[in-house]
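Engineer: sequence-free structure coming up:
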């Protein structure tokens, strides 16, 4: 059997506070480019694109009750990717299939398949393959579910999105415009703010790093308050949004990227407003909403093809750059959905 | 027209932090015991029972965005009561009617009636009249709405109630047993804990003042976590409950009595769990659910009459004791629903 070099990104050990690039190592092993003897229901794949998402920071910690198990020290980082089947011992997958699903941060992976494995076979190859870990993958479904299912937008309502140029936020803003809402986004650079206003069609946007008082900033953009807050950052921005919510406001808790690097999360002091304004705050994990995936695709594919919804990706080339790219998410270095290109098809 | 002495409890001025008895004054004026000339749509009533509720503490402050307007300095305290009509210029009310609704903290009140006035004419006088500001009034509807409508209990689920012997909590516990849930309550004295277990049928109860670590206490009573938390206290107990919630848990925010005396509310540091456990946290004001009142009465009246639901009131006699009674709510001096008896019928 043909053996090949296999570059890998190894998780070194559990992290407290903010992870650093040195918490991962890049090493090169060798791999058989075929399914080993007796290994049923497996595929040997070549990884093409890997997704970098802030939730992965949590997997670098030894947290109790996190929604994903921690990464295994000494093993490759695990995450969503798009990959091509080189060999298969599973009846549903054959050589040449392109799949999106969970894989390892390495060039080639041997993946065993169970009934619970969430593999999606990509049929429609008109669109960039990386979209299947972005707008057509978990971030897309997250924006769709959180905004439409949890926040129940009504025409004319006011919507605030934080980390608004990110993988999820940029879609929430565009969905809000489809729903005929007024939408404002926050982001961490003036370039991102321009993107929000000029590319994604947000009504307004601001650079939170220029604001000393987030609540005052929100009051400027929402003099009559916020109906829907799609929270990607948590902490002080969540607190400020709560202070500015209107009666019967809805808050979808999608992520808390401002907190992932902290050993002790910031306190939110104004939950009393949840009572006085009758706010509904709900956390959600998109994995439980995948029964909506066909409905989501039916909605979004025509919009993409007609150019009514756009998607910005930040594609970094080379597995060796993956550790710094993952760590860079916490400081908002990425512009748009962060993808690592391992190998073009 | 006959003039009578009219004892009143006057609100002195806005309060920061914890109110004290001296923030109110008892004075005696005189009052005409009839409707003044030209005063349409009014009733002159004799107040029988007045309700003391922790939400009233908020009305003593000059808070922006509170759900009730602040009390007026120099005017009587306002709250729910049961009163008897002595004279009326409104076609729907006549002398002798017994009504529950908003009134002033005084012996006799002249109340003007608009279409929005939430007066309830008491027909069924088999039950104690004070019940109409307790189990059959706002606290009853609050427990009913918060528990059944917001928390959607399912048989076998686990329920935690704080301030569990209070006006609302004692009912939530009993409703939880009707719904075949496992229910644990916290309260601030051993007598209250006994009441929870022996009178209201809670499965377990604990004195929070005996616990250094609320989260550890909850873990003892809920080794597999909490499905529903009915929050009457906020602050550190809310934080501890969040830490112990199960996936898809529901939290109804009904009150935050632990915070009302503080100038700066405590921070809650674990909202990330709202995300990882997919928790729904919702604040509510019962006023918006009064379309359910008939359904509520239909449910609860038979249970009361058959002795399947019980209600404990703490009745203090005399308007002159009302200021200390209201202030005492914050330290949990009351056992059960706090009522001030102004005058027996």
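Structural biologist: That came through, no problem. Because the structure is predicted, anything quoted here is derived from the model rather than measured.
Engineer: Residues of chain A that sit close to chain B?
Structural biologist: Residues of chain A lying near chain B by C-beta under 8 Å from any C-beta of the partner chain: A:65-67, A:234, A:238, A:253-256, A:259, A:264-285, A:288. C-beta coordinates here come from the backbone N, C-alpha and C atoms, glycine included.
Engineer: Just the buried ones among those residues, please.
Structural biologist: Among these, those classed as buried by 16 or more other C-beta atoms under 10 Å in any protein chain shown are A:66-67, A:234, A:238, A:253-256, A:259, A:265-285.
Engineer: from the stretch 151-300 of chain A, which residue is nearest to chain B?
Structural biologist: residue A:267 (1.9 Å; C-beta to the nearest C-beta).
Engineer: Identify the residue nearest that residue in space, chain neighbours excluded?
Structural biologist: Distances taken as C-beta to C-beta, 6 or more residues apart in numbering or on different chains put residue B:267 closest to residue A:267, at 1.9 Å, once the chain neighbours are dropped.
Engineer: Please enumerate residues in contact with the helix or strand containing residue A:281?
Structural biologist: For residue A:281, the host element (DSSP states H and E) is strand A:280-283. The contact list for strand A:280-283, computed with C-beta atoms under 8 Å, 6 or more residues apart in numbering or on different chains, reads A:150, A:248-253, A:274, B:273-283.
Engineer: Okay, buried residues for the lengthiest helix in chain A please.
Structural biologist: In chain A, with assignment by DSSP state H, the single longest helix is helix A:293-305. Across helix A:293-305, burial judged by 16+ other C-beta under 10 Å covers A:293, A:296, A:297, A:300, A:301, A:304.
Engineer: so the third one makes contact with residue A:132?
Structural biologist: No - the pair residue A:297 / residue A:132 is not scored as a contact, 10.8 Å apart, by C-beta atoms under 8 Å.
Engineer: for the strand or helix carrying residue A:326, what is the average pLDDT?
Structural biologist: Using DSSP H and E, residue A:326 maps to helix A:322-328. For helix A:322-328, mean pLDDT is 97.
Engineer: Now do it: everything it contacts.
Structural biologist: Helix A:322-328 is contacted from outside by A:9, A:18-21, A:23-24, A:26, A:50, A:52, A:56-57, A:77, A:105, A:316, A:333-334, A:338, A:340, using C-beta under 8 Å, 6+ apart.
Engineer: Which among those residues count as buried?
Structural biologist: Taking 16+ other C-beta under 10 Å as the criterion, what is buried in the contacts of helix A:322-328 is A:9, A:19, A:23-24, A:26, A:50, A:52, A:56-57, A:77, A:105, A:316, A:334, A:338, A:340.
Engineer: quick one, what contacts the residue lying closest to residue A:148 once chain neighbours are set aside?
Structural biologist: Computed as C-beta to C-beta, 6+ apart, the closest residue to residue A:148 that is not its neighbour in sequence is residue A:175, at 6.9 Å. By C-beta under 8 Å, 6+ apart, the contact list for residue A:175 reads A:143, A:144, A:147, A:148, A:153.
Engineer: who wins for most neighbours among these?
Structural biologist: Within the contacts of residue A:175, most neighbours by other C-beta atoms under 10 Å in any protein chain shown means residue A:143, with 30 neighbours.
Engineer: hang on, isn't that one packed against residue A:168?
Structural biologist: Yes - using C-beta under 8 Å, residue A:143 makes contact with residue A:168 at a distance of 4.8 Å.
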